[in-house]
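Engineer: the following comprises the amino acid sequence and a computationally predicted model.
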Amino acid sequence: MIKNKEIIINNLTKTYNKKTILNDLSFKIRPGKFTTLLGANGSGKSTLLNLLSGQVFPDGGEVLVNNESLHQLNFPFAKDIFFIHEKIDYDFDFNIRTFIDLMLERWPNWNSTLFDQMQKERKIDLDKKFQEFSRGQKMQIVLMIAIASQASILLIDEVTSVIDVYGRKYFLDLLEKQVKSGRTVVMTTNIINELEFYTDHLIVLKDSNIVLNQPSTEIPNVFFKIRQPPGVTHPLFQNPACIWAGINSDRSVSYIVPANSIRADSIPTEFLDRRKSSLEDVFIYFFTSLLD
Amino acid sequence: MKTLFKIFFKDFHFNVLKILLLMITSFVIALYAPSIGLSPQISTIVTTLSVIVLIFSPSLLLFVNTKFYSNVPWLLNQNFNRTELLKFFLLSQFIRFILMNFLYLCYTFIIFLIPTKIEPLFDSHITAMDYYYLYFVLVGGWIFFLLPMHVKYANQLQSQKILKLDSSNVFIILALISFVITSKEPVLPDLYYLMLFLGSWAFFVTQMFNFHFKLFPEKKMKIYSLIISIIIILPAFGGIEVLKNIVLDPRYSTLERADIIIGLDELTPNLEKKEKINLLLNSTPSTYRSLLKIFGNDLTLEEIFSATLNPRKAQHFINYASRPYSLEDVSKIIHFMTILKKKYSLGYDFDRYSYSFFNQQECDRPYLESLIANPESFSQLGAIYMAHKNLKKEEFISFYQAHVESLSPSIKADEHIQKWLKN
């Protein structure tokens, strides 16, 4: 059975070349949940995942997994973490099948039925060497191994962007099942809308800090959407708290509004949008300056 | 650990077998190539190549099964913790080291079994090769170059930079290296360079290993690397002090002390003149040569002569003396060399070594006339060499022709003189 491992981040700080990437972050990764990490390019998402995997040392603070420091030499839960990123390259002279056979001792909970199923469905030839696969296929293999290894914590950094649309849906569905069985997934992506229905918890990174850390069910209570019909003007839409969020098919304009700046009941009902705020809306709200 | 060995030492035994096969094949070829009727040139080439392959084969163990380094990024802190990876790394290097030594021991055993067949083979093809020296070069090369290179290669695969070198840093380093290389006089004694090398090597390698295995935070590791460098350098300083004491200690033999002085070079403590002469006198010719470079300037010519009592040493002395002297000193050297030649019945071959000495001296015509009037060949040869250096071409030719009758046949046939006359 997969045991939940809690990740606690205390006062985490990281600087590169005197530039602060992450500044005194403290939060918890909820075990058994699908956490999505959002942020603009260069906001420190990959750095945070590198820190959460223990691949990089923080300049300050600590990361604890079940109260054990992740950066200690004898970290006892190393085999419970699987960090999937684009730089992974299994550099061997033998094929994938042999590699898995040799690693099985390290993966005592290896789910061979699930792996065989994934291998058949994704049509991966295990008798080929890792180097012989395309970039997208390589990432699919790593994801297959990570899922079948039953590691409790999966850290996934942007890899889905190199996988085709069917592959992305396939693996996100699989990851959702894994989360339901108690595993923790922390994922960053640039294809935000695809994670909409998988995300249990959302963390947004901006200017070296966490600007949002909420369960996805809470997002509609934090942000709501309003809609400006074509040709209609109203002082509400001039309010700086209303952030442009796109144009709809009927040429109406959507805005996203933080609930703590404008009360929803003060807004005329014809302007309220019944659709819930999406991850993409949240991203637009925080990174609207990127449009300038 | 077991899993790591299974993955990264997979088929290692086959690789060892391949190396053994290569050793045996090259051994057989080296042994029998001369006797299978090949032309002498081809036979020499084949045998030499086989001997080289034979000598270097065991070191191939350092080049096989080295995929571990490039795989660290997906192993580190996931699947394996840092301690496990480091243990595997150290143990796997130890195994290679032991196995390589075992294969070299096998050579020793074979040489011991059939010395008459093996020794001439090695001696005739790699005559100047000191096998112990070669072994230490291999081991040193492995420790100082190959191992860090493996790690560096893996770092490159991670597309990260171990050292944040910007162009200004690179410029400063290049300027520093150029300054050291182009300085006519070494800025520091050689031993200090060696210590600097060891210290900086230790610093960079520990940084590289930390970059790779992520053992400690960068800032902390810089302090640790510095401490390690100092720990490595400090005993060297202590060692130098011990060696200085040995040099001053008369209980040690002259030869031992002479060897240490050569090692210490400029760091040699101040010795009494009597002691220096004694060391020159009782050293071997090659040690004499090195000692002369270290404290030749502290002694008068007479003092050096008193310690230069054999032809090999005299040969080294005349090479050492390739620099301008006063005419009085030139005369002293010529006189001393002439006496030595007579004492040991040395011929023209000995005279030839004086070319670079005479070629540095400046003199006038009367001095040349006085030299050539001396019937000794060393003096006459010196007169001709110095005439070429100090007279115009026509004057040189007339000087030569004026005295050609009195010159010995070997001087007339001297390659330098022949060339000058033709030109």
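Structural biologist: Arrived safely, thanks for sending.
Engineer: domains in chain A, as residue ranges please.
Structural biologist: A:7-207, A:219-291 (automatic domain parsing).
Engineer: once you drop chain neighbours, what's closest to B:Leu346?
Structural biologist: On the basis of CB to CB, 6 or more residues apart in numbering or on different chains, the spatially nearest residue to B:Leu346 that is not a chain neighbour turns out to be B:Pro311, at 5.7 Å. The C-beta positions use only the backbone N, C-alpha and C, and glycine is treated the same way.
Engineer: need phi/psi at that neighbour.
Structural biologist: Its backbone dihedrals place B:Pro311 at phi -60, psi -40, with angles given as degrees, to the nearest 10.
Engineer: near chain B, which residues of chain A?
Structural biologist: Contact residues, chain A versus chain B (CB under 8 Å from any CB of the partner chain): A:17, A:53-59, A:70-71, A:73-76, A:78-79, A:81-83, A:87-94, A:98-99, A:102-103, A:105-106, A:151.
Engineer: show me what the one helix or strand B:Phe14 maps to is packed up against.
Structural biologist: With the criterion set as DSSP states H and E, the secondary-structure element containing B:Phe14 is helix B:12-32. Packed against helix B:12-32, as judged by 3 or more CB pairs under 8 Å, 6 or more residues apart in numbering or on different chains; DSSP states H and E, are the following elements: helix B:40-56, helix B:82-113, helix B:115-125.
Engineer: next, the residue in the stretch 1-150 of chain B that chain A sits nearest to: phi, psi?
Structural biologist: Relative to chain A, the nearest point of the stretch 1-150 of chain B is B:Asn77 (3.5 Å; CB to the nearest CB). Backbone dihedrals for B:Asn77, given as degrees, to the nearest 10, come out at phi 60, psi 10.
Engineer: show me the contacts for it.
Structural biologist: With contacts taken as CB atoms under 8 Å, 6 or more residues apart in numbering or on different chains, B:Asn77 has the following neighbours: A:Ser53, A:Gly54, A:Gln55, A:Leu70, A:Phe75, A:Ala78, A:Ile81, B:Lys214.
Engineer: again, 10 Å this time
Structural biologist: Applying CB atoms under 10 Å, 6 or more residues apart in numbering or on different chains, we find B:Asn77 in contact with A:53-56, A:70-73, A:75, A:77-79, A:81, A:83, B:85, B:214.
Engineer: repeat that for A:Phe286.
Structural biologist: Contacts for A:Phe286 were tallied using CB under 10 Å, 6+ apart; they are A:Leu38, A:Gly39, A:Ala40, A:Ser43, A:Val204, A:Leu205, A:Lys206, A:Asp207, A:Val211, A:Leu212, A:Ile243, A:Ile256.
Engineer: and the residue nearest the centre of chain A, which of the three is it?
Structural biologist: Geometric centre of chain A, nearest residue: A:Met187, 2.2 Å, by CA atoms, centre = their mean. Remark: A:Met187 carries the secondary structure label strand [criterion: DSSP: H, G, I helix; E, B strand; the rest coil].
Engineer: neighbours of A:Ser112, how many?
Structural biologist: By the criterion of other CB atoms under 10 Å in any protein chain shown, A:Ser112 has 11 neighbours.
Engineer: so which strand or helix has the closest residue to it other than its chain neighbours?
Structural biologist: Distances taken as CB to CB, 6+ apart put A:Ala148 closest to A:Ser112, at 7.2 Å, once the chain neighbours are dropped. Secondary structure assignment for A:Ala148, by DSSP H and E: helix A:135-149.
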